[in-house]
Each structure stands twice: as structure tokens, then as C-alpha cells.
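>>> Structure, please.
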Amino acid sequence: MEYGSRIHWYAVAGCFSRRAWGAYPQYRLHFKATRDAEAKLGAFSTGPAIPSTFDNFISELFGTFIPVFSIFFLVEDDGLGSLSVLPTGLLVMVIGMGLGGSTGYAINPARDLGPRIFHAIAPISGKRDSNGSYAWIPVVGPITGGVLAALLFMVFQAEL
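Predicted structure coming up:
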């Protein structure tokens, strides 16, 4: 039998709920002591320093496009082997430091959307709304950036 060919979805659901709710008891006293509703939201999700739909979307798009496109070349034909993780990690760190200030550098839809949903349903006193009007940017921006990086990589591969 092939590894992973049979998934027990009840276990997946249990694991997800434990991870989502597991951190809440640890930080609930911090949330009670904190009066800043923005800080409470910031513990769960990213947000723009200056709200601008177009600029924030482009920041997330490029924040994902650049590392994904670069990683395709790093790991092509076994790249550097197991050392590929070092330049990949450094690349993500440098791009995060350079582009992260404008939007919080979600770069991964799972990094922002799941915790934002949890913030919306969690019983945290004094919290603000979960900024749902912004929530699509850290989801659609990185997905678009990753798809564009893959398409451009395929174009380069076809010409080489």
C-alpha cells in the first residue's frame, strides 16, 4: 500500500482544530491585558501599513513572484542538492525585510486567511473586526504571483 493513499479526514479535522484552538489558551491572558484592538488582530493576520488596494496587491504579488521564480532556478536539475535550502531561506528573509513593511508580507495565503478566520470566530474581548475587506489581498496576491512565476519559468524553459 502506498504511503498516504488513505487519509482519515476526521484526524485532519481534529489536528486542524487543535492547532487553531491550541494556542488560544496560552495567549488568552495576553489578549485580556491588551487593550489595542489592532495589536490583537496583528497577532493573527497581516495588514497594510498604508491601505491602498492596488499597491498592497502588487506588493504581495511581487513578494511571492520573486522568491518562487528564483526557487525554480535554484532547485532545477537538483540545484545545489540539500544546500538549496540555504539560499532559499536567505532569499525569503531578504525579500521579507525589503517588501514586508508595506503589507506584513503574508506571501502564503495559509499564513493569513486561516488565522484571520480564527480571529473572527475566537472569543477575544475588545477585538476589532477581522478586516475582511482586505483579506482577499494576502490570498489572491500571492497566488497570482506564484502562478505568474511558474508561467514565466515555463517560458524560459521553452526557450533554453
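>>> any chance you could map the helices in the protein?
9-22, 24-33, 37-42, 53-75, 85-103, 109-121, 137-159 (DSSP state H).
>>> Helix or strand with the lowest mean pLDDT in the chain?
Each helix and strand of the chain was given a mean pLDDT (mean pLDDT, DSSP states H and E); the minimum falls on helix 9-22 at a mean of 63.
>>> Kindly tell me how buried residue 69 is, as a neighbour count.
For residue 69, the count of nearby residues is 19 (other CB atoms under 10 Å). All C-beta atoms are positioned from the backbone trio N, CA, C, and that covers glycine.
>>> Would you check that residue 88 makes contact with residue 67?
Yes - here residue 88 reaches residue 67: they are 7.5 Å apart, a contact under CB atoms under 8 Å.
>>> higher neighbour count, these two?
Under the neighbour definition other CB under 10 Å, residue 88 and residue 67 were set side by side, and residue 67 has more, 23 against 17.
>>> before we move on, the earlier item: most tightly surrounded among the helices of the chain?
Of all the helices of the chain, helix 53-75 has the most neighbours on average by mean count of other CB atoms under 10 Å, namely a mean of 19.
>>> ok, residues contacting that one?
The set of residues external to helix 53-75 that reach it, using CB atoms under 8 Å, 6 or more residues apart in numbering, is 48, 79-80, 84, 87-88, 91-92, 95-96, 99-100, 102-103, 105-108, 134, 137-138, 140-146, 148-150, 152-153.
>>> Kindly report the same for stretch 108-127.
Under the criterion CB under 8 Å, 6+ apart, external residues in contact with stretch 108-127 comprise 20, 24, 28, 31-32, 34-35, 37, 40-41, 44-46, 64, 106, 129-132, 135, 138-139, 142-143.
>>> just stretch 35-42 next, same as before
Contacts of stretch 35-42 with the rest of the structure, by CB under 8 Å, 6+ apart, involve 31, 34, 47, 104, 119, 124, 126, 127, 128, 130, 131.
>>> Separate out the buried members of those.
Among the contacts of stretch 35-42, those classed as buried by neighbour count (16 or more other CB atoms under 10 Å) are 31, 34, 47, 104, 119, 124, 127, 130, 131.
>>> I'd like the residues you listed as TSV, with distance to residue 113 and pLDDT appended.
Formatted as TSV, the entries for the buried ones among the contacts of stretch 35-42 read as follows, by distance: CB to CB, whole Å; pLDDT from 0 to 100:
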residue	distance to residue 113	pLDDT
31	20	84
34	23	89
47	13	91
104	13	86
119	11	89
124	18	87
127	17	91
130	10	93
131	12	93
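>>> Appreciated, that's everything.
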